[in-house]
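*Asks:* sharing a model prediction with you, sequence too.
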Amino acid sequence: MEIVIKKVSAIVAGVIVFMLLGGVYLSSKGFIVDENTGSIVLVKPAVAEETAMAKKDIPLNFGFPQDHIIGSEKAKVTLYEYSSFGCTHCADFHLETLPKIVKEYVDTGLMKVAFVPFPLDKNSMDAALLAECVGADKYFAFADVLFKKQRDWGLAFNPQKVLLQYAALSGLNKEKAELCLKNDITAAMILQNRKDALDKLGLQGTPTFFVVSDKKIDSIFGIKPIEEFNEIINSHIGATDTKDKKDK
């Protein structure tokens, strides 16, 4: 009995040390644990909003990622969605607000939407890596599944196992999916986009959006009413329409 107690004590001690070291590491990288939800976030929400909304001098020719786009290539306005698959507010936007934006602007050819994964923790990174492997034609459908089932895999005892099951349902066999999770090249690409967003765009939380046209770049942080998105998007569409008329 004494031996069992010692073993259990050693395991508990090991877990505590791991958590402490993990906390120090995450803190050094700008992450904190949300006291209310227990989730890992980049910075405290209040700080995130203030920082993300600070004006950044973003050049019009900034190279935003173009990997995952829905809409016409001819659209002169683009909405870039920086999002983490494990972020609840990101899920709210993607499932509730985005469909309205797509119907109003994307389906009519006025704008395209580009999704840029911005993982905040290991589980979100695993989800982003698997999404890259399901195929370009299935990317957004898989993203919808990840957001709809966010609580299921996010709160699972083994999140990676659940994510692999979703990948299998999307046609990705287990062997290929496991290789995807170990793909350092894809991981480096995701992390580079994340670093560029932090360093060059001033992004400090998710979701964050950038509405981009050849005239200007506007940023939107967090969940905002659809009217605010409409106002900013319309200002870009109006600017491009004016330019088109002058060019004719």
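*Replies:* Happy to help now that I have it. Numbering: from 1, shown residues only.
*Asks:* quick one: residues contacting the closest residue to residue 106 other than its chain neighbours.
*Replies:* Once flanking residues are discounted, residue 106 sits nearest to residue 71: 4.2 Å by CB to CB, 6 or more residues apart in numbering. (C-beta placed from N, C-alpha, C; glycine too.) Each residue near residue 71 by CB atoms under 8 Å, 6 or more residues apart in numbering is listed here: 102, 106, 109, 111-113.
*Asks:* show me these that map onto strands.
*Replies:* 112-113 (DSSP state E).
*Asks:* can you select the buried ones from the contacts of residue 71 in ChimeraX?
*Replies:* Burial among these is assessed by 16 or more other CB atoms under 10 Å; the matching ChimeraX selection reads:
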select :102,106,111,112,113
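*Asks:* which stretches of the chain form strands?
*Replies:* Under DSSP E, the chain gives strands at 32-33, 40-41, 69-70, 78-83, 112-117, 208-212, 217-221.
*Asks:* and the average pLDDT for the third one is what?
*Replies:* If you average the pLDDT over strand 69-70, you get 94.
*Asks:* quick one on the thing from earlier: do you know how far the residue nearest to residue 106 is from residue 59?
*Replies:* For residue 71, the distance to residue 59 equals 23 Å [CB to CB, to the nearest Å].
*Asks:* OK, contacts around the nearest residue to residue 186 once chain neighbours are set aside?
*Replies:* In space, and not counting its chain neighbours, residue 186 is closest to residue 132: 5.2 Å by CB to CB, 6+ apart. The contact partners of residue 132, by CB under 8 Å, 6+ apart, come to 139, 180, 183, 186, 190.
*Asks:* could you export the contacts of residue 71 as JSON lines, including distance to residue 92 and pLDDT?
*Replies:* Listed next are the contacts of residue 71 as JSON lines, based on distance: CB to CB, whole Å; pLDDT from 0 to 100:
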{"residue": "102", "distance to residue 92": "16", "pLDDT": "96"}
{"residue": "106", "distance to residue 92": "19", "pLDDT": "97"}
{"residue": "109", "distance to residue 92": "26", "pLDDT": "95"}
{"residue": "111", "distance to residue 92": "21", "pLDDT": "97"}
{"residue": "112", "distance to residue 92": "22", "pLDDT": "96"}
{"residue": "113", "distance to residue 92": "16", "pLDDT": "97"}
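*Asks:* mind putting the contacts of residue 71 into JSON lines with distance to residue 157?
*Replies:* JSON lines is the format used below for these (distance: CB to CB, whole Å):
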{"residue": "102", "distance to residue 157": "35"}
{"residue": "106", "distance to residue 157": "38"}
{"residue": "109", "distance to residue 157": "45"}
{"residue": "111", "distance to residue 157": "41"}
{"residue": "112", "distance to residue 157": "39"}
{"residue": "113", "distance to residue 157": "34"}
